[in-house]
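1. No letters, just coordinates:
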């Protein structure tokens, strides 16, 4: 008799099979409720229509361009945020007076919803690319600062002490211990926040935009094209999955010392 | 002792200030101790006797509440490469290989790359880690990690080597081998060494002088010379002279441990 034992690992093949199984069940249920007539076509397209709509979007309406512009916005805003936040986070984590100065502000700012800034940013920056990048920037920058600062602040104290007894100066403790010790953690934080950046970009594109995946979704709503909306959402999911996978692969390659 | 004093601990005490209403804790009563150049002393005591606190003050990682520490006549104000330290916890930098770990202090001192190579090779050979230069710490056993840590501290050519229960986390067999390795290095190089331990046998085997400390409050209780010759072979551990010293120190420590155990 097979029983589920807590924390018992499973084989690779079983893991993949179970992962695929979920999507099979998901699409089967979806097909059942749509083809079975349980849900009117106006509200939810069936999987086949969704795929057809998606194909049409890509071949006739230049959806690939929208995907490209959305990816560029996410990456652009995210890189800007990372460039500002990672050094600030390291400084905050390393130097307590800087932490005392900035922590209250950052803790407050991280709870400001990026989406609520969209109307304000449209006033300030118009509806061009600058506004989209700013939404992602505001959504990501405070999260990265705080998480990096916590990671750096939790650096193993004995490693820092060992460096001092080996002749490190304060600056070289930051450069040669705090930064390399936390580099894998920082990369993980960036991976996580990049995932969140995807939600901000869509919000930014839903309001006041003439291109991008979010824009396509809002246009499709007006046309009741639920197949297109679902296709757009799935595309976002797939891009997120791919970028996450790439990030993980790069981290594993750079930070082999962290893994077994 | 005829050798000149290298390290002078002068009335060094440490009181940890009160936390949330509790009274301040005296970790170390004002203590005097002189260490001769090239001597190997062990500081022996039960946990909580302030032996690690004393060592950390010498290292400059902790500040005394009173008194001062003089190394070659200069007052210690902070950590520095003149006092190499080996910790009980494994403190190799996990992102650096064995060779890179040993190079860490050399790079801080600005030793050019072509000079670093031979120094690293020399110390890797001394601690018996040839062939492991490019291994990461996590690929090494605990004993090998501590050997690398010793090599890393020695590569800096410190005036004095401080060891804080460096073999405390190792199994008994490895521990014995590590003691011989370190003693062998000391017999060749003759560096000043302060070695903190709670293991009586280790304290006697390694040292030419055992400082016994007592707890609550931490203070020096006895200063016992170990007149066993050098080079020391591990078989000395079964000699009558060794047993006599061990018995003597066991009595000193036992009284302490009993006191500490009945206190609560």
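-> Looks like it came in fine. Since the model is a prediction, treat every value here as computed from it, not as a measurement. Numbers count the residues shown, from 1 in each chain, chains lettered A, B, ... in the order given.
2. To what extent is the closest residue to chain B within the stretch 151-260 of chain A buried, counted in neighbours?
-> Residue nearest to chain B within the stretch 151-260 of chain A: residue A:167 (3.2 Å; Cβ to the nearest Cβ). Every C-beta, even on glycine, is put in place using the N, C-alpha and C of the backbone. By other Cβ atoms under 10 Å in any protein chain shown, the residues close to residue A:167 number 21.
3. For it, give me its contacts.
-> Residues near residue A:167 by Cβ atoms under 8 Å, 6 or more residues apart in numbering or on different chains: B:80-81, B:105, B:108-109, B:156.
4. For PyMOL, what selects the buried ones among those?
-> Provided next is the PyMOL selection string for whichever of the contacts of residue A:167 are buried by 16 or more other Cβ atoms under 10 Å in any protein chain shown:
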select buried, chain B and resi 80+81+105+108+156
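5. Could you pick out the residues of chain A near chain B for me?
-> For chain A, the residues in contact with chain B (Cβ under 8 Å from any Cβ of the partner chain) are A:156, A:158-159, A:161-169, A:172, A:176-177, A:180-181, A:183, A:255-258, A:260.
6. Recalculate using a threshold of 6 Å.
-> A:158-159, A:161-162, A:164-168, A:180, A:257 (Cβ under 6 Å from any Cβ of the partner chain).
7. If we only consider these, which is nearest to residue A:18?
-> Lowest distance from residue A:18 to the residues of chain A next to chain B (Cβ to Cβ) belongs to residue A:257, with 31.6 Å.
8. wouldn't that closest one be in contact with residue B:137 here?
-> No. Between residue A:257 and residue B:137 there is no contact under Cβ atoms under 6 Å: 8.0 Å.
9. hang on, the earlier thing: max pairwise distance over the residues of chain A next to chain B: which two?
-> A:167 and A:257 (22.7 Å).
10. Can you pull out the low-pLDDT segments for chain B?
-> B:1-3, B:260, B:263-264 (pLDDT under 70).
11. in which helix or strand would I find residue B:161?
-> strand B:160-164 (DSSP states H and E).
12. Pick out the residue nearest the middle of chain A.
-> Geometric centre of chain A, nearest residue: residue A:195, 1.0 Å, by Cα atoms, centre = their mean.
13. Which stretches in chain A count as helices?
-> A:12-35, A:47-60, A:63-94, A:96-109, A:118-125, A:129-153, A:157-165, A:170-173, A:179-206, A:213-222, A:226-254 (DSSP state H).
14. measure the residue sitting nearest the centre point of chain B to residue A:203 for me?
-> Nearest to the mean C-alpha position of chain B, by Cα atoms, centre = their mean, lies residue B:163 at 2.0 Å. Residue B:163 sits 58 Å away from residue A:203, going by Cβ to Cβ, to the nearest Å.
15. again, but for residue B:79
-> 50 Å.
16. Over to residue A:164?
-> 47 Å.
17. Neighbour count: the two, which is higher?
-> Per other Cβ under 10 Å, whichever of residue A:164 and residue A:203 has more neighbours is residue A:164, with 22 against 19.
18. Find the nearest non-adjacent residue to the more buried one, please.
-> residue B:79 (3.8 Å; Cβ to Cβ, 6 or more residues apart in numbering or on different chains).
19. and if you look at residue A:54?
-> That would be residue A:231: by Cβ to Cβ, 6+ apart, it lies 3.6 Å from residue A:54.
20. If you count neighbours, what's buried in the helix or strand of chain A with the lowest mean pLDDT?
-> In chain A, the helix or strand scored least confidently by mean pLDDT, DSSP states H and E is helix A:118-125, which has a mean of 85. Within helix A:118-125, the residues that count as buried by 16+ other Cβ under 10 Å are A:118, A:121-122.
21. Can you lay out those as a markdown table showing distance to residue B:75?
-> Output for the buried residues of helix A:118-125, formatted as a markdown table (distance: Cβ to Cβ, whole Å):
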| residue | distance to residue B:75 |
| --- | --- |
| A:118 | 61 |
| A:121 | 58 |
| A:122 | 64 |
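22. What segments of chain B are strands?
-> For chain B, the strands defined by DSSP state E occupy B:5-16, B:25-36, B:40-44, B:66-71, B:74-75, B:83-86, B:160-164, B:192-197, B:209-214, B:219-225.
23. Tabulate the ones you listed (CSV), appending distance to chain A.
-> As requested, the strands of chain B are exported to CSV (distance: least, Cβ to the nearest Cβ, whole Å):
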stretch, distance to chain A
strand B:5-16, 15
strand B:25-36, 17
strand B:40-44, 17
strand B:66-71, 13
strand B:74-75, 16
strand B:83-86, 4
strand B:160-164, 8
strand B:192-197, 13
strand B:209-214, 21
strand B:219-225, 24
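24. I'd like the ones you listed as CSV, with distance to residue A:94 appended.
-> As requested, these are arranged in CSV below (distance: least, Cβ to Cβ, whole Å):
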stretch, distance to residue A:94
strand B:5-16, 25
strand B:25-36, 28
strand B:40-44, 33
strand B:66-71, 28
strand B:74-75, 28
strand B:83-86, 21
strand B:160-164, 25
strand B:192-197, 29
strand B:209-214, 35
strand B:219-225, 37
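25. what about residue A:14, distance to residue A:249?
-> Using Cβ to Cβ, one gets 23 Å for the distance from residue A:14 to residue A:249.
26. Likewise for residue B:107?
-> 31 Å.
27. show me what contacts residue A:20?
-> If you count contacts by Cβ atoms under 6 Å, 6 or more residues apart in numbering or on different chains, residue A:20 has none.
28. confidence score at it?
-> We have a pLDDT of 94 for residue A:20.
29. same thing with the one 4 residues further on?
-> Per-residue confidence for residue A:24 comes out at a pLDDT of 95.
30. What is the neighbour count of it?
-> 9.
31. doesn't residue B:123 make contact with residue B:151?
-> Yes. Checked against Cβ under 6 Å, the pair residue B:151 and residue B:123 is within contact range at 4.0 Å.
32. quick one, helices of the stretch 101-250 of chain B?
-> In the stretch 101-250 of chain B, the helices defined using DSSP state H, counting those that start in this stretch lie at B:113-126, B:142-155, B:172-189, B:200-206, B:240-263.
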